[in-house]
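Undergrad: Okay, predicted coordinates and the sequence, questions at the end:
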Amino acid sequence: MLELKNLNVHYGAIHALKGIDLKIEKGEIVTLIGANGAGKSTTLRTISGLEKPSSGEIIYKGKPLTPSPSKTVKLGIS
């Protein structure tokens, strides 16, 4: 249902997310845990369209997710 493939995000020279892979199936409940600065917020902001990935893919229901907050919210992701 929601899949991240080799997701990378940079803030200038800082490589904040490094090759994140995640697959969430319909009906699953998932939580992100980790230390401060591990990339939890950046991951969620990128899925929500608030950050643009440097590379990689976000796929929702088999289709690429456009990094646009308004379009993402209309799909029920926020």
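TA: Nice, I can see it.
Undergrad: what does the model give residue 29 for pLDDT?
TA: Reading off the confidence values, residue 29 has pLDDT 95.
Undergrad: Next, it: phi, psi?
TA: Per-residue torsions, residue 29: phi -110, psi 130 (degrees, to the nearest 10).
Undergrad: i'd like the first residue to be 525 from this point on
TA: Got it, the first residue is 525 from now on, which makes the last one we talked about residue 553.
Undergrad: any idea how far it is from residue 587?
TA: As judged by C-beta to C-beta, to the nearest Å, residue 553 and residue 587 stand 23 Å apart. The way it works is simple: take the backbone N, C-alpha and C, and place the C-beta from them, glycine included.
Undergrad: Show me which of those two is the more surrounded one.
TA: Per other C-beta atoms under 10 Å, whichever of residue 553 and residue 587 has more neighbours is residue 587, with 9 against 5.
Undergrad: Run through the bridge partners of that one.
TA: Note on residue 587: beta-bridge partners by DSSP bridges are residue 584.
Undergrad: quick one: pLDDT of it?
TA: pLDDT, residue 587: 89.
Undergrad: can you check residue 591 too?
TA: Here, the pLDDT recorded for residue 591 equals 67.
Undergrad: what's the offset of the lengthiest helix in the chain from the middle of its chain?
TA: The residue-count maximum for a helix in the chain (DSSP state H) belongs to helix 564-571. Here helix 564-571 is found 5 Å from its chain centre; the criterion is C-alpha atoms, centre = their mean, to the nearest Å.
Undergrad: Also stretch 528-543?
TA: Offset of stretch 528-543 from its chain centre (C-alpha atoms, centre = their mean): 10 Å.
Undergrad: any chance you could map the strands in the chain?
TA: 526-535, 538-548, 579-584, 587-588 (DSSP state E).
Undergrad: Can you check which of these gets nearest to residue 562?
TA: Smallest distance to residue 562 across the strands of the chain (C-beta to C-beta): 9.7 Å, for strand 538-548.
Undergrad: Which elements pack onto that closest one?
TA: Counting contacts by 3 or more C-beta pairs under 8 Å, 6 or more residues apart in numbering; DSSP states H and E, strand 538-548 packs against strand 526-535, helix 564-571.
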